[in-house]
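S.K.: Sequence and predicted structure, then a few things I'm wondering about:
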Amino acid sequence: MKKVLGLILAMSLALALFSGCANASTQKTTSQPVSASTETEETKDTAKWPRTITDAAGHEVFLDKQPERITLLHSYYMEDFLALGTPPTSCAIGNSLGQTEELSSSEMFAPYLKGVEIMDLGSAKEINLEAILESAPDVIVTFAAQGGVDENYDQLVQIAPVVLLDYTATWQNQLLGCAEIVGKETKAQYLIAEIEEKISDAKKVAQKYPDRTFVLFRTDSKGFITRGNAVYYETFGLTRSEGYPDTYETISLEAVTEMDPYYIVFQHNYDAATTFVESMKDSSVWQSLDAVKNGRIYYFDENMNTFGPLAMNLTAEKLIEIYTKE
């Protein structure tokens, strides 16, 4: 049965999402939509249709017209299409830990979702062919490595053209890949330039404080799951705590204590992250951390784990705010 997500952000939800908790700072940034999300003469494309594009899996995909109904098999590329001003009409929502933020509560997505309705295709961990058919897509988009896609590919292409993108590519190239699908290459170039400038501003601020170590986590409610690799830290000029791994690993509280970071950031489902922090309030080990004692625990929108264009844009905004707070 068709399930439609109401996506207008209510003020009460915004306030609830970013309310404080003990020994934790919940710095709230009101993300401003990048200007390229609005059509201007400067960013207007004159795309030609029909067109054939080659996707990340080597498929030649024929598109006879600019797609108006875009079905995403994962929310990973939602931000790209929202930024380009071509919101998807349906999307599968969910993360690997099963803790999904409502889109209406998403700090990253909310500025782009006013008046937009997106059909919920269910869990992104499963391919629901019936729901996809009901979504009546002009094009189906996801990343090449998504589970279940290979097994259902022949059936998916009977519904609509399928474009598989390379999730290992840079956020710039992934945005350009999405732009090619909807004929918005010029707009994407302006968007990239604008976000890169904001990232550069954030890096300049962070580099003024090389002694302030920074760690980024998710959580499975038992431990700390590292996020953000060396490229992420280099991009924003952040100093990693000694011992912070370059791969996604689950580490213990004791390991975090050895790192003793200046800033601790949870980029995760807000309720799950704050519950995890609350569970450690009586831990002398947790309370010994300088970041805990001085209220330098922050919560970023879990949707920023895409490290895509809107995620990078909002990260830059939030880092500038955090680093200039003191």
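M.R.: Received it, and whenever you're ready, just let me know what you need.
S.K.: My guess is Arg212 contacts Ile264. True?
M.R.: No: judged on Cβ atoms under 8 Å, Arg212 makes no contact with Ile264 at a distance of 11.7 Å. Glycine gets a C-beta too; all of them are placed from N, C-alpha and C.
S.K.: So Ile225: helix, strand or coil?
M.R.: With DSSP: H, G, I helix; E, B strand; the rest coil as the basis, Ile225 sits in strand.
S.K.: Leaving out the residues flanking it, which one is nearest to it?
M.R.: Arg218 (4.2 Å; Cβ to Cβ, 6 or more residues apart in numbering).
S.K.: packing partners for the helix or strand containing the one you found?
M.R.: In this assignment (DSSP states H and E), Arg218 forms part of strand 213-219. The contact analysis (3 or more Cβ pairs under 8 Å, 6 or more residues apart in numbering; DSSP states H and E) places strand 213-219 against strand 224-226, strand 239-240, helix 253-259, strand 263-267, helix 270-279.
S.K.: Comparing these, which stretch has the densest surroundings?
M.R.: strand 263-267 (a mean of 24; mean count of other Cβ atoms under 10 Å).
S.K.: Could you name the helices and strands sitting against it?
M.R.: Going by 3+ Cβ pairs under 8 Å, 6+ apart, strand 263-267 lies up against strand 213-219, helix 270-279, helix 290-293, strand 297-300.
S.K.: can you put the ones you listed in JSON lines and add distance to Thr324 and mean pLDDT?
M.R.: Converted to JSON lines, the helices and strands packed on strand 263-267 look like this (distance: least, Cβ to Cβ, whole Å; pLDDT from 0 to 100):
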{"stretch": "strand 213-219", "distance to Thr324": "14", "mean pLDDT": "97"}
{"stretch": "helix 270-279", "distance to Thr324": "23", "mean pLDDT": "95"}
{"stretch": "helix 290-293", "distance to Thr324": "17", "mean pLDDT": "98"}
{"stretch": "strand 297-300", "distance to Thr324": "14", "mean pLDDT": "97"}
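S.K.: how about the strands of the chain, start to end?
M.R.: 3-6, 51-54, 60-63, 70-72, 90-93, 117-123, 139-143, 162-165, 213-219, 224-226, 239-240, 250-251, 263-267, 297-300 (DSSP state E).
S.K.: Great, nothing more from me.
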